[in-house]
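Peer 1: Everything below, folded, please.
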Amino acid sequence: MLTIEFEKRGAIAYIRLNRPDKLNAVNSAMLEELGAALSDAEIDDAIRVILLSGNGRAFSSGFDLEADEPQEGVSDSDAIRDELKRDFELIMRFWDCPKPTIAAVHGYCLGSSMEISAVCDITISADDCRFGAPEVRFGSGIVCMILPWIIGLKNAKELLLLGNTDVDAARALAIGLTNRVVAAPDLMSEATKLAAEIALNDPLAVSLTKKAVNRCVEMTGMRDALLAALETDIEIETTETPESKRFNEIRASDGLKAALAWRATQLPK
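Peer 2: Numbering: from 1, shown residues only. Modelled structure (predicted):
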């Protein structure tokens with residue numbers, strides 16, 4: 001079964017994440033299919049807007065924690081570096097896409113899927129959506145450190161250092177993580193209406209305006225900062241400490257909840 005659904009309807013390309021039994025966690029197959037769908041939409045002159053959403057109970061829980069086995073002859077560190085670079089490049093495809101991108105999010109929008117929604121040009125959220133970045137809870141880092149550029153330094157630090165996964169849609173709207181909040185049943189109709197309004201505009205003017213807005217931010221050093229942060233994430237993921245080793249052992253044998261419960265017992269008394 002394909003991990004995404006891709007449909008062209010008029011001037012809008014609909015990309016729907018389609019691993020509902022896994023809360024649309026992004027795995028290797030989905031990375032490839034998302035990249036192919038974006039390429040298809042980008043070269044199709046009839047398509048003027050790309051609308052990203054998720055099937056089932058959630059937009060996405062982020063990148064799949066069940067990492068692929070490294071290829072024979074490839075070290076774990078090299079495999080991790082390659083995987084994180086590939087994840088980063090997929091996220092930035094939405095930022096670099098010459099056509100406007102809209103993320104319509106519901107249920108859960110967590111981890112790197114939240115980064116994808118953040119780099120999309122417009123994010124519209126259902127009122128039931130919960131945002132968050134739990135990476136520090138797992139001993140992991142942030143693949144694409146885009147949040148300081150989107151929601152500001154203080155808000156980014158609070159969200160990322162707490163590892164909270166229960167930021168509600170109202171809070172997300174207040175800090176600029178989403179543009180609009182609508183009733184959950186109306187999410188796709190409102191997102192489609194927004195996409196249709198953008199599609200009415202001159203496509204060259206829209207594309208160049210997006211490029212100009214992005215350039216305003218990139219001229220302050222955003223791209224270099226994101227690449228430097230990616231190197232930090234690679235360092236986090238390839239450095240083993242006694243605590244991270246034990247955490248991963250417990251997670252492998254007893255599950256994530258047990259590992260998190262163990263970590264809570266490690267706090268100084």
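Peer 1: mean confidence for stretch 148-155?
Peer 2: Mean pLDDT, computed over stretch 148-155, is 97.
Peer 1: Could I get the buried residue list for it?
Peer 2: Residues of stretch 148-155 classed as buried: Pro148, Trp149, Ile150, Ile151, Asn155 (neighbour count, 16 or more other CB atoms under 10 Å). (Each C-beta comes from the backbone N, C-alpha and C, glycine too.)
Peer 1: CA-only coordinates of that stretch in CSV, if you can.
Peer 2: Taking C-alpha atoms only, stretch 148-155 is exported to CSV below (Å, rounded to 0.1, in the frame of the first residue of the first chain):
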residue,chain,number,x,y,z
PRO,A,148,13.2,30.0,16.2
TRP,A,149,12.6,31.5,12.8
ILE,A,150,8.9,30.9,12.8
ILE,A,151,7.8,31.4,16.5
GLY,A,152,10.7,33.3,18.0
LEU,A,153,13.5,32.4,20.3
LYS,A,154,11.6,32.2,23.7
ASN,A,155,8.7,30.2,22.3
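Peer 1: Identify all contacting residues around that stretch.
Peer 2: Ala118, Leu147, Ala156, Leu159, Ile175, Gly176, Leu177, Val217, Met222 (CB atoms under 8 Å, 6 or more residues apart in numbering).
Peer 1: Is Phe6 in contact with Ile15, as I believe?
Peer 2: Yes. Counting by CB atoms under 8 Å, Phe6 does reach Ile15; the two are 5.7 Å apart.
Peer 1: Show me the common contact partners of those two, please.
Peer 2: Joint contacts of Phe6 and Ile15 (CB under 8 Å, 6+ apart) are Ala37.
Peer 1: Neighbour count for those two, which is higher?
Peer 2: Ile15 (23 against 17; other CB atoms under 10 Å).
Peer 1: who touches the strand or helix carrying that one?
Peer 2: For Ile15, the host element (DSSP states H and E) is strand 12-17. Applying CB under 8 Å, 6+ apart, the contact partners of strand 12-17 are 3-8, 24, 26, 30, 34, 37-38, 40-41, 44, 47-55, 59-60, 192, 195-196, 199.
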